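Novice: Give me a 3D structure for the following:
(one chain, ligands or ions: 2)
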Amino acid sequence: MASYAALRTIAWSVYGVGLMAMHAFGGESPGVDGARMQEVQPTTYRFGRFMLDCSRRTLLSESGARPLPEKVFQILMLLLEANGATVAKQTFLRRIWPEGYVSEGNLTQQIFLLRGFLGESLNRNEYILTVAGGGYRFAKTIESKRGLSMKDACERCMATLSSQDLAMICSYECTFCVKCAYGMNSTCPNCGGELTKRPRRRR
Ligand SMILES: [Zn+2]
Ligand SMILES: [Zn+2]
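Specialist: Ligands and ions are numbered 1, 2, ... in the order given. Below is the predicted model of the structure:
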């Protein structure tokens, strides 16, 4: 009897540890982290001839819009957030490969890809500098700003509004479809301000 009880206790504690591990994993999931990051991030960074739309993870320039692969985007974000300060190789490895199965070669490869997106060649690194002693830093002046939030529905009738649709906004970005705005005499019901055409996003 005693041994049965002991076994049961062990079984329960193993089960408990299992639950705890799952919980810890859930807390560290990239989804949760990503959502938290987006709240504090400015929507857009500008540097040199590029603009990075963080919400869409897209690099914009005269030559078009290019969505960045996940790791490339994360590396660029770390460099931009450091605002010109050196980011150590270890920091990249820890933040971008939290699961740990990574070598410096992976990082070098992703930096190479990023440099490609920024149009850098082997002997001309205009944007990303390799720092002696192990790290990288951003060499361009970085401007960060919040663009229009481009809400995706009318606040009154809930009609879907894509970033290419015409929408009406007030200075606080309360957002309405054209029909609702017209019905309200182009006056925002929330702030009393004027409703005007929201610029459409083309790409
Ligand atoms: Zn509406
Ligand atoms: Zn308003």
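
Novice: contacts and neighbour counts: CA atoms only from here.
Specialist: Will do.

Novice: check contacts around residue 99.
Specialist: Contacts for residue 99 (CA atoms under 8 Å, 6 or more residues apart in numbering) come out as none.

Novice: Give me the pLDDT value at it.
Specialist: For residue 99, the model assigns a pLDDT of 87.

Novice: swap in residue 27?
Specialist: pLDDT, residue 27: 36.

Novice: before we move on, what about residue 96?
Specialist: pLDDT, read off for residue 96, is 94.

Novice: Show me where the protein has its strands.
Specialist: 44-47, 50-53, 58-61, 64-67, 87-88, 128-131, 135-138, 143-145, 168-169, 175-176, 196-197 (DSSP state E).

Novice: Quick one, which of those gets closest to ligand 1.
Specialist: strand 175-176 (5.2 Å; CA to the ion).

Novice: which residues of the chain score low on pLDDT?
Specialist: Within the chain, the stretches with pLDDT under 70 are 1-42, 203.

Novice: Smallest gap between it and ligand 2, at which residue?
Specialist: Closest point on the chain to ligand 2, by CA to the ion, is residue 191, at 4.1 Å.

Novice: quick one, phi/psi of that residue?
Specialist: Note on residue 191: its backbone torsions stand at phi -120, psi -10 [degrees, to the nearest 10].

Novice: picking that back up, any idea which of the strands of the chain is most buried?
Specialist: Comparing these by mean neighbour count (mean count of other CA atoms under 10 Å), strand 175-176 ranks first with a mean of 30.

Novice: Tell me the strands beside that strand, with direction?
Specialist: Strand pairing for strand 175-176, determined by DSSP bridges: strand 168-169 (antiparallel).

Novice: can you list the residues of this protein near ligand 1?
Specialist: 154, 156-157, 177, 180 (CA under 5 Å from the ion).

Novice: ok, 8 Å please
Specialist: Residues of the chain lying near ligand 1 by CA under 8 Å from the ion: 153-159, 176-181.

Novice: any idea how far the closest residue to residue 143 other than its chain neighbours is from residue 103?
Specialist: Nearest non-adjacent residue to residue 143, counting by CA to CA, 6 or more residues apart in numbering: residue 46, 5.0 Å away. Going from residue 46 to residue 103 by CA to CA, to the nearest Å gives 31 Å.

Novice: what's the answer for residue 139, then?
Specialist: Distance from residue 139 to residue 103, by CA to CA: 25 Å.

Novice: what would the strands of the chain look like in CSV with distance to ligand 2?
Specialist: As requested, those are arranged in CSV below (distance: least, CA to the ion, whole Å):
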stretch, distance to ligand 2
strand 44-47, 23
strand 50-53, 25
strand 58-61, 29
strand 64-67, 31
strand 87-88, 41
strand 128-131, 41
strand 135-138, 38
strand 143-145, 21
strand 168-169, 7
strand 175-176, 8
strand 196-197, 11
